[in-house]
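Q: Only the shape, not the letters, is given here:
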């Protein structure tokens, strides 16, 4: 499941443009709140794909609650430890490129703004070792602290094929 989660997060990163810290700060000062959140979301998933703990340290709120697809709830400290371990295991491999057999997809479906709070909603897909598609939905909650956005809650849910069929034919 950890591998699946990392693959999901990796696809989210590779499908969205990268923003450096300075670009994120520039967007915070000169763009709409929606663009700021979109930039922060992109930076978050790029950081997960690269196992970039410096960026994650900045984007993850100290009181982060990350509910994974199996129900396990992770904290900022746990996420940073996990990413550091994955970075060490990965070694010199490129962290932003995917293996050809890891066909992943991502879609940021909605950004909802509520003052200094934003909710992002999206979906992603990967193919398991048998070639079967595995679908996920995610919801992230962001809070603006000063001039920057931090994610305070992340929820990832596996979507069954039965639900996907029902969604396709309401």
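A: Nice, I can see it. Only a predicted model underlies this, so the values are computations on that prediction, with no experimental measurement involved.

Q: Quick check: buried residues in the longest helix belonging to the chain?
A: In the chain, assigned by DSSP state H, the helix with the most residues is helix 33-50. Neighbour counts over helix 33-50 (16 or more other C-beta atoms under 10 Å) mark 33, 36-50 as buried. Heads up, the C-betas are built off the backbone N, CA and C, glycines and all.

Q: With respect to residue 112, which of those is nearest?
A: Nearest to residue 112 among the buried residues of helix 33-50: residue 37, at 9.4 Å, using C-beta to C-beta.

Q: which one is that closest one nearest to, not counting chain neighbours?
A: Nearest non-adjacent residue to residue 37, counting by C-beta to C-beta, 6 or more residues apart in numbering: residue 118, 4.4 Å away.

Q: Secondary structure of that neighbour: a strand, I assume?
A: Yes - checked against DSSP: H, G, I helix; E, B strand; the rest coil, residue 118 lies within a strand.

Q: Could you report the neighbour count for it?
A: 23 (other C-beta atoms under 10 Å).

Q: and it, what is it in contact with?
A: 33, 34, 37, 111, 112, 141, 142, 143, 144, 149 (C-beta atoms under 8 Å, 6 or more residues apart in numbering).

Q: quick one: buried residues of the helix or strand where the fifth one lies?
A: Think residue 112. Element membership of residue 112, judged by DSSP states H and E, is strand 105-114. Within strand 105-114, the residues scored as buried using 16+ other C-beta under 10 Å are 106, 108, 111.

Q: So in terms of bridging, what pairs with the first one?
A: For residue 106, the residues forming beta bridges with it (DSSP bridges) are residue 124.

Q: Let's see the pLDDT reported for it.
A: In this model, residue 106 is scored at 70, pLDDT.

Q: Would you confirm that it contacts residue 124?
A: Yes - under the criterion of C-beta atoms under 8 Å, residue 106 makes contact with residue 124 at 4.6 Å.

Q: for the protein, which residue is closest to the average position?
A: Nearest to the mean C-alpha position of the chain, counting by C-alpha atoms, centre = their mean, stands residue 45 at 4.1 Å.

Q: ok, back up a step: got the contacts of residue 118 as CSV, with pLDDT and distance to residue 170 columns?
A: As requested, the contacts of residue 118 are exported to CSV (pLDDT from 0 to 100; distance: C-beta to C-beta, whole Å):
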residue, pLDDT, distance to residue 170
33, 96, 32
34, 97, 28
37, 96, 29
111, 97, 24
112, 98, 22
141, 98, 27
142, 98, 29
143, 98, 33
144, 97, 35
149, 98, 33
